[in-house]
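Undergrad: A predicted structure for the sequence below; I have some questions about it.
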Amino acid sequence: MSIDVRDLSFAYGKRQVLRQVSFRTRPGQLVAVLGPNGAGKSTLFRCILGFLPRYRGEIALCGHDLRSLDRRSLARLAAYIPQSSQPLFDYTVRDTVLMGAAGGLEPLRQPGRQQLETAQRMMELVGIAPLADRGIRRISGGERQLTLIARALAQQARILLMDEPAANLDYGNQFRLLQQVRRLTEQGYTVLLSTHDPEHALRFATHVLALHGGTVAACGPVEEMLTEELLHTLYRIPLTVAQVPVTGGTVRSCVYDPAKP
């Protein structure tokens, strides 16, 4: 379940946003997409999702050229999880997830046993099965985001694109959400996740794709790529990446360092 992007460029009119972007993902990878505002993160996602077809370069999902895929075929390969927001209608968690499972049905056809079983399986996979009968407006932001992930998984897609999924969550819900996303990659899913917080990449990602000025500033394993020099290039503030002792070992963390030149 791979994403292959080669020499991707995109412009809104005369404003060039992406320039010769190339990278490759593989199953089991959680790729954190980092970069300052205006770096091209959201535009990259929109290109991969087929929303901006007038790009230059090549995008392939699981070996299929994006331009050759219709909407239904694309939905079987890749699913999109937006930022958490307050939904307009108070559908139950089960019905919300079922919308993903029923997406491949013919118009006006009701979901059957197979779709119900798929929805149940995906709720269990992300740990929200006990919430199945709760209204989606009456659960926490983190639980709502997990519901959106379960809905995406119910499409049967193995590539997940998440555009700042933790942006509106408190610290505890951010941690629980990203911990669950990391578990999905351990089961073979491929996740491309944009974030403004480098801590998310340090704690949960396997790889990083850093964009700066519409080009790739770094791409590769987190341990190798996410350096103090890269963070300074992206965010223009003094940061120190340090090993922080925790029970049973250490973790990498970045902190603001005002005394650093």
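TA: Perfect, I can see it now.
Undergrad: quote the end-to-end distance of stretch 155-168.
TA: This stretch, stretch 155-168, spans 24 Å end to end (CA to CA, to the nearest Å).
Undergrad: pull out the buried residues from that stretch.
TA: 155-166, 168 (16 or more other CB atoms under 10 Å). Glycine gets a C-beta too; all of them are placed from N, C-alpha and C.
Undergrad: contacts for stretch 63-73?
TA: Contact partners of stretch 63-73, identified using CB atoms under 8 Å, 6 or more residues apart in numbering, comprise S2, D4, I48, G50, P53, E58, I59, A60, L61, L74, L77, G104.
Undergrad: next one: the last one, what pLDDT does it get?
TA: Translated: G104. We note a pLDDT of 57 for G104 in this prediction.
Undergrad: where do the strands sit along the stretch 1-150 of the chain?
TA: Under the criterion DSSP state E, counting those that start in this stretch, the stretch 1-150 of the chain contains strands at 3-12, 15-25, 30-34, 56-61, 64-65, 78-81.
Undergrad: these: which one's closest to I237?
TA: strand 30-34 (13.9 Å; CB to CB).
Undergrad: which helices and strands does the closest one pack with?
TA: The contact analysis (3 or more CB pairs under 8 Å, 6 or more residues apart in numbering; DSSP states H and E) places strand 30-34 against helix 171-186, strand 190-194, helix 198-204, strand 207-212.
Undergrad: which one of those lies closest to V246?
TA: helix 198-204 (10.8 Å).
Undergrad: list the buried residues of that closest one.
TA: Neighbour counts using 16+ other CB under 10 Å place P198, H200, A201, L202, R203, F204 of helix 198-204 among the buried residues.
Undergrad: with stretch 54-65 instead?
TA: Across stretch 54-65, burial judged by 16+ other CB under 10 Å covers Y55, I59, A60, L61, C62.
Undergrad: what's the answer for stretch 120-131, then?
TA: With burial defined by 16+ other CB under 10 Å, the residues of stretch 120-131 counted as buried are Q120, M122, M123, L125, V126, I128, A129, L131.
Undergrad: which of the contacts of stretch 63-73 sit farthest apart?
TA: So for the contacts of stretch 63-73, where distance means CB to CB, the most widely separated pair is E58 and G104, at 26.5 Å.
Undergrad: could you dump stretch 212-231 to PDB, C-alpha only?
TA: Taking only C-alpha atoms (Å, rounded to 0.1, in the frame of the first residue of the first chain), the coordinates of stretch 212-231 have been written out as PDB:
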ATOM      1  CA  HIS A 212       9.700  24.400   3.100                       C
ATOM      2  CA  GLY A 213       8.800  26.900   0.400                       C
ATOM      3  CA  GLY A 214       7.000  24.200  -1.600                       C
ATOM      4  CA  THR A 215      10.000  21.900  -1.900                       C
ATOM      5  CA  VAL A 216      11.200  18.900   0.100                       C
ATOM      6  CA  ALA A 217      13.600  20.000   2.900                       C
ATOM      7  CA  ALA A 218      14.000  16.500   4.200                       C
ATOM      8  CA  CYS A 219      12.600  13.100   3.800                       C
ATOM      9  CA  GLY A 220      13.400   9.900   5.600                       C
ATOM     10  CA  PRO A 221      13.400   8.100   9.000                       C
ATOM     11  CA  VAL A 222      12.600  10.400  11.900                       C
ATOM     12  CA  GLU A 223      15.800   9.500  13.800                       C
ATOM     13  CA  GLU A 224      18.000  10.700  10.900                       C
ATOM     14  CA  MET A 225      16.000  13.600   9.500                       C
ATOM     15  CA  LEU A 226      14.500  15.400  12.400                       C
ATOM     16  CA  THR A 227      17.500  17.400  13.500                       C
ATOM     17  CA  GLU A 228      17.900  20.800  15.200                       C
ATOM     18  CA  GLU A 229      19.100  22.300  12.000                       C
ATOM     19  CA  LEU A 230      16.000  21.100  10.100                       C
ATOM     20  CA  LEU A 231      13.600  22.400  12.800                       C
END
